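**Q** Compute the structure for the input listed below.
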Amino acid sequence: MSKSLNLVFVSLGITLASIVLLPNLAFARHHGPGGTYKRSCTNIYTDGNGSLQAMCKNSHGNWQPASLENASSCASAENIDGHLQCRRHRDIPVGSYLQSCTNRRVDGDTLYATCKDQNRHWQTTSLNNFRQCPQGSISNLNGHLTCPF
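**A** Numbers count the residues shown, from 1 in each chain. So this is what the prediction gives:
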């Protein structure tokens with residue numbers, strides 16, 4: 001095979017890999033909790049097991065791999081000396097929405113989150129008076145926080 005034909009195959013392979021992998025990486029970057037770790041970590045993604053993976057700076061300024069299991073249960077995450085740590089705010093209620101919503105926070109009696117709709121698009125949503133919801137009943141209904149009050 002000629003050099004130019006080999007180059008064409010290599011270029012085609014790289015192009016196909018980019019088409020297949022890049023959308024998946026972009027989608028993966030939307031997963032995981034919000035938090036300050038995003039300022040000192042890079043290559044952030046959630047793997048197929050729900051663990052948050054990243055390269056994070058430690059206190060010496062060196063980059064190291066870091067992971068956080070079951071990241072969807074965290075209200076936020078922080079980089080503590082190169083290690084990802086979950087922050088579970090006592091005000092963040094449990095519910096099935098934790099599986100498809102991120103950037104969860106509470107302000108007074110309102111729960112805020114960014115949730116996936118049925119088309120896998122992210123929607124900013126809130127639920128007023130969430131404390132009136134029965135324990136564990138808050139869910140994501142097509143990108144909107146709901147509960148049966």
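
**Q** which residues pair with C56 across the strands?
**A** Beta bridges link C56 to C41, Q64 when assigned by DSSP bridges.

**Q** And it, how close does it get to G108?
**A** Note on C56: its distance to G108, by CB to CB, to the nearest Å, is 32 Å. C-beta: built from backbone N, CA, C; applies to glycine.

**Q** If you count surrounding residues, which of these two has more?
**A** When neighbours are counted by other CB atoms under 10 Å, C56 and G108 differ, and C56 comes out ahead with 23 against 10.

**Q** Do you know the pLDDT at that one?
**A** If you check C56, the pLDDT there is 95.

**Q** F149 too?
**A** So F149 comes in at 73 (pLDDT).

**Q** residues near it, how many?
**A** 11.

**Q** That one reaches Q132, doesn't it?
**A** Yes: look at F149 against Q132 with CB atoms under 8 Å: they come within range, at 4.9 Å.

**Q** can you pull the contacts of the closest residue to S76 other than its chain neighbours?
**A** For S76, ignoring the flanking residues on the chain, the nearest one in space by CB to CB, 6 or more residues apart in numbering is G35 at 3.7 Å. Contact analysis of G35 by CB atoms under 8 Å, 6 or more residues apart in numbering lists 74, 76-78, 87.
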